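> A structural model of the following input is requested.
(chains A and B)
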Amino acid sequence: MRSARRTGRLRTLAVAVSAAGATALFPVQATAASAGAPAEAAVATEVSVSPVDLDGPAISTVKVTVKNAGPQQLRSLKVAFAGPTGWAVQPSVLSVDGSLPAGASADASFRIQVPEKRPGFVIRTFTATATYKGGDGRGTATGTRTERSGSPQANLAAAYNNVGVTDESDTGPGDYDGEGNSFSAQKLAAVGLTRGAKVEALGAELTWPDVAAGTKDNVAASGQAVELAGKGSALVFLGSGVTSGATGTASVHYTDGSSSTGTFGFPNWSFDPADAHGATLVKSTDGRNRPDGYGNATVKYRVFAHSIPLDPDRTVDFVVLPANANIHIFDMATAP
Amino acid sequence: MPEIPAVSRRSMLGGTLATGAVVAGLGSAAGAAAATSAAPSAAGAEASAPGRRPGQKSMINVPFEEYRTVRVGVIGLGNRGSGMTTGWSVIPGCVVTAVCDIRADRAERTADGLVADGMPRPAEYGGSADAYAKMLRRDDIDLVYIATPWEFHYEQGKAALLSGKHVVVELPIATEVSELWDLVDTSERTRKNLMLSENCSYGRNELAMLKMAHEGLFGDVTNGHGGYLHDLRELLFSDTYYTDAWRRRWHTRSTASFYAMHGLAPIAAAMDINRGDRMTTLKATATAPKGLADYRERFIPKSHPSWRETYINGDLVSCAIETARGRTIRAEHDVSSPRPYSRINSLAGSRGIFEDYAGTSTTGGRIYVEPDHGGHSWRDFDAYRKEFDHWLWKKLGDEAENGGHGGMDYILQWRTVQLMRAGLVPDIDVYDSASWCAPVPLSVMSLEKEGRPVAVPDFTRGSWVNLRSGLDSRSTDMPPVS
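Predicted coordinates for the structure are as follows:
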């Protein structure tokens, strides 16, 4: 497994190669986990993806190289290639004629439609999967290239994109749930959640957003990358869900170029069991602010905490939030 | 303009070309299969398409020659043609050198107008049905723009190609499958580009939708919906708007999706039709023809010549189109029902959907895409239109504002002239033009078969499998005018 390397402004996080196995689809994780170099990796079929020219809109060519690192002839090789979801690839599968002796490599070229570069921080993942007979005997191997451009947001506040708290005298700006409803600032204050208040949860010290009611104060998660310095055993999120299915996977990128992932979820802010998705209740408030004013006074509207594990030996560089806007996050912090 | 003779619906649309179209479609499955195989083969599609003559080659990715100045000749100076003539004349590096209309007074009036605007006086042609042929003999025309009634587009477009000029033709470029093939072949033989004057392909929302599709915001695009839903009843019965009521008369001849291209073309672009996918089959439905007769009954005096007409075209003609990549397109046409205007412009995939002409945002569109959105509620399109605004609109939006159709006409004309002056590959080529217009005759054929699917010809002869750029282009400048 190759470690991370840098190529100009576009950082190549990993050109990972893995024979079929549990880690094959998570090469970035595998990079960190397998630094000790199991002997098995040395004999696995290697699949690598060339750098991708992301200066679109354009049709770029990508070369996939498959190296037979196994002891037998590798034959009936087919290579599938895919870019980010929705990107057209031509062709999606290529067959390689003949067979590869041990130690030999074969190249397959694909064309991919690259869109105009988006502003902000973007991670693009390209995956090549080889299926074959012979070789290392595993039958399939996968390689990925993850390229990123832009910079993460400086902090979570910079990524705020939603108004979750409003004053009872002015509920109009609120839209926590997509239907114009929001937490009541007065009711939150009644349980200690005032601007900038410290919140202890799951071993972490979090901070309630220090912004005025009626302004953007939380992040509806959609894969934003946010800088976060520190070390710890866990990354704790403070927030709650809207509608249903407020779960997703966050990835943590460390300063040494490695990364890890973790999945978490929040209950709906009002109707799910408080421990849904394994979350922990932090605060409950009475009622909510609706477009027409404060209401639903007999219903509890809640804030939860949940966490994902961190590699305690590495320093966090930035976090990529889950791609699920039903997850609303007020803060995140590391826990020792 | 002469009276349009009564023509049977079979001979005017579809007819003898049905066989060719169905045969062409047989190659689609092979083409689709080839696209996902190790070595894409166009053999199936090649075999089913009419063969190329010796020396005849594809026009895919063939750039224009570089023109220092683009000299335009215009055929057809009615409402559309006269307005577009002014449009051509104000594009940097473009000059209108000749104008033609069967009514000579229109040519003179248009020439007078250009002179009044400070432009050179163009040569005038008119007075006979073949006046345009005389104009095409000139050697100071690089681009012919055709805005005559639909029934003349094929003949005039082909003649323009054969005269060695590039051509921009208003919708549709032709109304029969054989004519579409002939224009493709003529373009390939003459090495001149023919482009459908599809201004809506340059619509601001449409181009943003295209760029968002390429970004993957909708995930894997699975379906799209477009059309031309425009209450034209008043104009169709006007005695002055459409010369000799040519457009209304089409409703007496055929049951067809006459003019769905304004909505179909942007969807086709977003699906990379002819650039990685292609339309394979089409099946049509038509509602009863009620709208025009009802309008006439209520608003048109009994002495009006329209009372001698019988309208047979369905008010709403819908085409369900399938593509080689398993996508579906709905293309609709309705110009005879009371309703607000819409081209629909809806695109959807595994991660979200865009709908135009809906919602309350200033752009007129609404959107819902994961992971940005949740809660089952629509969001305004504005922020996305801003982020994915096409460079043409960023560059020309202010200039285009005063142009026709919300600026789309100006963008189309500016871009066409720029492509020619810079020697670039056209955004819209003869294959796109033929494919987008194919539903005109194919809808007739399907309706004659009680809505059964008919094959869509592969005008690219198998080259649709290849990814290539189109309307989602890179920003470039207009060459300076010396």
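> and the stretch 201-336 of chain A, which residues reach chain B?
Contact residues (C-beta under 8 Å from any C-beta of the partner chain) of the stretch 201-336 of chain A with chain B: A:Ala220, A:Ala221, A:Ser222, A:Gly223, A:Val242, A:Thr243, A:Gly248, A:Pro322, A:Ala323, A:Asn324, A:Ala325, A:Asn326. To be clear about C-beta, it is placed using only N, CA and C from the backbone, and glycine gets the same treatment.
> Farthest pair within those?
With distances taken as C-beta to C-beta, the most widely separated pair in those is A:Gly223 and A:Thr243, at 18.0 Å.
> Any buried residues in stretch A:98-117, and which?
By neighbour count on 16 or more other C-beta atoms under 10 Å in any protein chain shown, the buried set for stretch A:98-117 is A:Ser99, A:Leu100, A:Ala102, A:Ala106, A:Ala108, A:Phe110, A:Arg111, A:Ile112, A:Gln113, A:Val114, A:Pro115, A:Glu116.
> what's the spacing between that stretch and its chain's center?
Stretch A:98-117 has its C-alpha centroid displaced from the chain centroid by 27 Å (C-alpha atoms, centre = their mean, to the nearest Å).
> Could you tell me how many residues sit around residue 316?
I'll assume chain A. Counted with other C-beta atoms under 10 Å in any protein chain shown, residues neighbouring A:Val316 total 20.
> try again with chain B
Neighbour count of B:Leu316, defined by other C-beta under 10 Å: 20.
> Tell me the spacing between it and B:Ser336.
Taking C-beta to C-beta, to the nearest Å as the measure, B:Leu316 falls 9 Å from B:Ser336.
> Then B:Ala107?
Applying C-beta to C-beta to B:Ala107 and B:Ser336 gives a distance of 32 Å.
> what's the answer for A:Ile329, then?
Distance from A:Ile329 to B:Ser336, by C-beta to C-beta: 53 Å.
> three-state assignment of the residue located most distally from the centre of chain A?
When distances to the mean C-alpha position of chain A are computed (C-alpha atoms, centre = their mean), the maximum falls on A:Gly98, with 39.4 Å. Using DSSP: H, G, I helix; E, B strand; the rest coil, the secondary structure recorded for A:Gly98 is coil.
> excluding its backbone neighbours, what's nearest it?
Excluding the flanking residues, the one nearest A:Gly98 by C-beta to C-beta, 6 or more residues apart in numbering or on different chains is A:Arg75, at 7.7 Å.
> Hmm, that neighbour is touching A:Pro101, no?
No: using C-beta atoms under 8 Å, A:Arg75 is not in contact with A:Pro101, being 10.4 Å away.
> residue contacts, B:Ser187?
Applying C-beta atoms under 8 Å, 6 or more residues apart in numbering or on different chains to B:Ser187 gives the contacts B:Met59, B:Leu161, B:Asn193, B:Leu194, B:Val430.
> Return the closest of those residues with respect to chain A.
Minimum separation from chain A among the contacts of B:Ser187 (C-beta to the nearest C-beta) is found for B:Met59, which lies at 18.1 Å.
> Next, that closest one: secondary structure please.
With three-state DSSP as the basis, B:Met59 sits in coil.
> so what's it up against?
Per C-beta under 8 Å, 6+ apart, neighbours of B:Met59: B:Ser187, B:Glu188, B:Arg191, B:Asn193, B:Asp429, B:Val430, B:Tyr431.
> Burial check on the residue in the stretch 51-200 of chain B that chain A sits nearest to, number of neighbours?
Nearest residue of the stretch 51-200 of chain B to chain A, counting by C-beta to the nearest C-beta: B:Asn61, 10.7 Å away. Residues lying near B:Asn61 (other C-beta under 10 Å) number 12.
> That one contacts B:Leu424, correct?
No: using C-beta under 8 Å, B:Asn61 is not in contact with B:Leu424, being 10.4 Å away.
> For chain B, give me its nearest residue in the stretch 151-300 of chain A.
Relative to chain B, the nearest point of the stretch 151-300 of chain A is A:Gly178 (2.7 Å; C-beta to the nearest C-beta).
> show me the contacts for that residue.
A:Val242, A:Thr243, B:His373, B:Gly374, B:Gly375, B:His376, B:Ser377.
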